[in-house]
Each structure stands twice: as structure tokens, then as C-alpha cells.
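**Q** Structure for the following, please:
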Amino acid sequence: MSLHPLYATRASRMKASEIRELLKLLDQPGIISFAGGIPDPKLFPSDEFAKAYQAALGSESKDQALQYSISEGYVPLRQWLVDHMRQIGVECDIDNVLITSGSQQALDYLGKLFLSPGDTALVGWPTYLGAINAFDAYEPRFDQLSINGNRGAAEYRAAAGDGAVKFAYLSADFANPTGETVDLRGREAVLDLAEGLNCAVIEDGAYQALRYDGAPIPPILALELSRKGSIEACRTIYCGSFSKTLSPGLRVGWVVAAKPVISQLVLLKQASDLHSATINQMAVHQVAEACFDTHVSTLRTVYRSRRDAMLTALEQHMPEGVEWTKPEGGMFVWVTLSKEVSGADLLARALDTVKVAFVPGRAFFPDQSGANTIRLSFSNSDEEKIREGVRRLGELLRT
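**A** Below you'll find the predicted structure:
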């Protein structure tokens with residue numbers, strides 16, 4: 001018996017994540033992996049988390065740690081986030097903050113909240129694969145968010161046809177997959193476009209804390225706040241995550257937005273998982289209070305060195321005609337190959353002959369273009385492996 005004929009129409013749009021599949025390669029011996037954009041586990045603040053879980057399960061707090069909790073999230077963690085957001089230019093209060101099970105859950109909720117079949121989501125070309133997958137389940141059409149292009153609100157509305165443009169999604173700092181950063185002028189342009197379209201802006205701040213060079217640029221939400229004076233008047237929704245800083249396995253992220261948006265997201269969470277794991281929120285709060293700034297400073301030092309090693313190796317070993325981004329932070333370098341080279345074919349050859357893994361770029365394009373691109377992550381390999389892996393790729397591209 002097959003239940004396939006009973007599936008909703010949206011099920012046909014759901015696809016396996018190429019990145020999640022590639023993570024399985026990490027356990028294979030001899031593979032140098034630039035595939036998953038994952039933190040180095042050797043850098044996790046494990047001792048601090050051990051203390052935090054011991055404290056959470058102590059006699060005074062164990063009942064709270066193991067019990068149901070409110071959907072909005074653990075109050076002390078939300079208060080810590082209010083202070084954290086203030087430090088990056090976003091004034092809000094605790095009722096503007098919702099804890100989610102990773103920022104990926106936030107993207108799913110936002111797709112469910114805003115998208116009806118046929119509506120338009122504006123995204124980068126390329127953009128984060130997890131966002132494409134989260135939004136695609138709600139049957140939208142995707143259009144290219146051209147930040148520095150000539151398209152205005154009228155052109156986007158015309159392209160949307162019978163649907164509406166519901167939001168623009170972007171990661172303004174060190175984007176996945178390109179590593180690129182949207183400058184101040186570009187962020188202001190996104191706000192202007194959203195005003196013209198009367199749509200939301202979803203700002204993915206997953207990598208915001210991992211800046212290695214240059215001066216920080218205010219988040220889009222901070223820029224809109226300076227225009228409007230209150231978060232309650234803002235259309236920007238900020239999604240943050242502890243996955244790239246403290247621990248991805250605990251699945252703790254957050255959303256900051258105007259209270260009516262948070263209230264709607266709370267209803268979605270109540271229908272989904274009731275609340276994120278209380279004990280994990282308690283542990284993240286204790287570790288964040290104890291060492292967030294010093295730990296992130298360590299991450300910046302280590303990842304900066306690895307980024308530099310990758311950029312130097314690319315200069316030394318890539319053949320003529322290959323181009324790549326030079327990120328100021330984050331975890332990724334985006335490589336554009338010669339037009340006749342397929343990233344997917346190159347991956348098959350690389351795994352078979354030189355034992356190097358990466359992500360073919362086509363998965364990051366809603367229209368499956370970009371076949372001659374690849375994403376390299378430098379966060380989970382030391383400098384020696386980075387230099388050797390890039391050398392092997394360069395040799396392979398020359399054959």
C-alpha cells in the first residue's frame with residue numbers, strides 16, 4: 001500500500017538537502033571536507049555547558065528544567081537577548097523576542113505565516129538553501145532580490161502576477177553561501193524597496209557575530225529603527241542563532257520583531273512543538289552570560305586564520321579563469337569556475353580521486369542555475385588541511 005496519492009500538493013516541492021546529505025561524508029576516512037558550514041567541535045565551550053547542565057539539574061531548578069514551559073521562551077534568556085540586541089543597535093523589550101528551535105525553525109514559521117500559494121518571496125541569487133527549502137513548502141514563486149540593480153517596486157509587482165510580494169529575505173553579513181556582505185547603502189535600498197512593495201524584510205543574522213575584518217555595519221532592523229523610532233513600526237524581522245557561536249546541537253535560535261508578528265509566531269509554535277527545550281535554553285543562557293563575548297573572540301581569531309589560509313591557497317593553486325569571494329567574516333568562500341565546468345561533476349571527481357568534499361553551487365539557486373559554482377567552508381578544517389585540500393582541487397581543475 002502507498003499513501004503517496006494522499007500527500008498534499010506541497011509534498012512534491014520538498015527535496016532532500018544536498019548539504020545534509022554531504023554531512024555524512026564527514027565520517028568517511030581520508031576526506032578533506034569543505035562541505036558542511038559547521039563549527040569546529042573542538043571549539044565548543046564544552047566545560048561551560050557541562051557546568052550549565054549540572055546547574056540546571058540542581059535541586060533548585062531541575063523541576064523547571066524538565067517541565068513544560070511558555071512558548072515564548074525562557075525569560076532570562078530572552079532578557080539576555082534584549083541586552084544583546086541593544087549592543088548591535090536594536091532597541092526592543094522581552095515581548096519582542098521569541099525563542100525558536102534554531103533559526104531554521106524561524107524561517108519555516110515565517111514562510112507559513114506570510115506565504116500563500118503563488119505569492120512571491122524575494123531572495124538572493126544564490127541564497128541559503130535552508131531558506132529555499134523552508135519557504136518552498138508553502139508553494140511560492142521566487143524572484144531575484146537585486147539589491148544594487150535597477151528593478152523597482154513596480155517591476156517586482158508586475159513580475160509577481162496574481163500573487164503578492166510578501167517579503168525580501170537576505171543574510172546581510174557574510175551570507176551563506178557567498179560570504180558576501182551587503183553594504184550600508186544596499187541595506188538602506190532593501191528597506192526602500194520593502195516600503196515601496198509594502199512587504200516584510202526577513203534578516204537572517206546567523207553569522208553576524210563572526211566578523212574578522214572591517215567595521216561592523218548596523219543590522220537592517222537597526223537601520224529601520226533609526227528611521228521609525230520604534231520596533232513596533234518596523235517591517236524587518238531579525239532571525240538570530242547560537243548555532244554558529246555556542247552550539248548547533250542545542251538548536252536554540254531567536255526572532256526579534258514587532259509584537260504583533262511575535263504573537264502570530266507564538267501561535268505557530270504552540271501548534272508545532274509547544275516550546276523549545278527548556279533545559280537547553282537554560283544552559284545557553286548560563287553559558288552566554290558567562291563567556292559569550294570571550295568565546296566569540298576566540299572563534300574570530302581561529303576562523304580568521306582559516307579563512308586567510310583558504311584565500312592564500314586559492315591564489316596559489318587555482319587555475320586561470322577561476323574566481324572567488326573574499327569574505328570579511330562567516331564561514332564560506334564562493335568559487336565561480338569556468339563556464340564549462342560543472343560543480344556537481346567536479347564533486348564526483350573530487351570524491352573519487354582526491355578525496356575532497358564541497359557543495360555544488362546549483363543547489364543555492366531557486367532556478368537551479370549556477371552550475372559552474374561551488375561553496376567552500378573553512379570553519380571545520382585546520383590550516384594544513386585547508387592548504388592541502390585546495391591544492392588537490394587546483395590540480396584536479398587543471399586535468
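**Q** number of nearby residues for the residue nearest to Glu139 when sequence neighbours are not counted?
**A** Excluding its sequence neighbours, the residue lying closest to Glu139 (Cβ to Cβ, 6 or more residues apart in numbering) is Pro117, at 3.9 Å. Every residue, glycine included, has its C-beta placed from N, CA and C. Neighbour count of Pro117, defined by other Cβ atoms under 10 Å: 11.
**Q** Repeat that for the one 10 residues further on.
**A** Using other Cβ under 10 Å as the criterion, Thr127 is surrounded by 26 other residues.
**Q** how about the helices in the stretch 1-150 of the chain?
**A** 18-22, 46-56, 62-65, 75-87, 102-114, 129-136 (DSSP state H, counting those that start in this stretch).
**Q** average pLDDT across the shortest one?
**A** For helix 62-65, mean pLDDT rounds to 94.
**Q** CA atoms only for that helix - export them in CSV, please.
**A** C-alpha atoms of helix 62-65 as CSV (Å, rounded to 0.1, in the frame of the first residue of the first chain):
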residue,chain,number,x,y,z
LYS,A,62,15.5,20.8,38.0
ASP,A,63,11.7,20.9,38.1
GLN,A,64,11.7,23.9,35.8
ALA,A,65,14.4,22.5,33.5
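**Q** which of the residues in it are buried?
**A** Ala65 (16 or more other Cβ atoms under 10 Å).
**Q** So which elements touch that helix?
**A** For helix 62-65, the elements it packs on are helix 278-317, judged by 3 or more Cβ pairs under 8 Å, 6 or more residues apart in numbering; DSSP states H and E.
**Q** The helix it packs on vs helix 46-56, what angle?
**A** If you take axes from the mean of the first three to the mean of the last three Cα atoms, to 10 degrees, helix 278-317 sits at 170 degrees to helix 46-56.
**Q** and helix 278-317, what does it pack onto?
**A** Going by 3+ Cβ pairs under 8 Å, 6+ apart, helix 278-317 lies up against helix 46-56, helix 62-65, helix 75-87, strand 332-336, helix 383-398.
**Q** Which one, of those, ends up nearest to Asn148?
**A** Asn148 sits nearest to strand 332-336 of all these, at 16.9 Å, using Cβ to Cβ.
**Q** what packs against the closest one?
**A** Under the contact rule (3+ Cβ pairs under 8 Å, 6+ apart), strand 332-336 is packed against helix 278-317, strand 323-324, strand 373-377.
**Q** winner for burial among those?
**A** strand 373-377 (a mean of 27; mean count of other Cβ atoms under 10 Å).
**Q** if I look at Glu384, how far off is Ile262?
**A** From Glu384 over to Ile262 the distance is 46 Å, taken as Cβ to Cβ, to the nearest Å.
**Q** Between the two, which is the more surrounded one?
**A** Ile262 (18 against 10).
**Q** Please list all residues in contact with that one.
**A** Glu72, Asp95, Asn96, Val97, Leu98, Val255 (Cβ atoms under 8 Å, 6 or more residues apart in numbering).
**Q** The closest residue to Ile88 other than its chain neighbours: neighbour count?
**A** Excluding its sequence neighbours, the residue lying closest to Ile88 (Cβ to Cβ, 6+ apart) is Pro219, at 5.9 Å. Neighbourhood size, Pro219 [other Cβ under 10 Å]: 23.
**Q** Local confidence estimate at Pro219?
**A** pLDDT at Pro219 comes out at 98.
**Q** so it makes contact with Val90?
**A** Yes: contact criterion Cβ atoms under 8 Å: Pro219 and Val90 qualify, at 6.3 Å.
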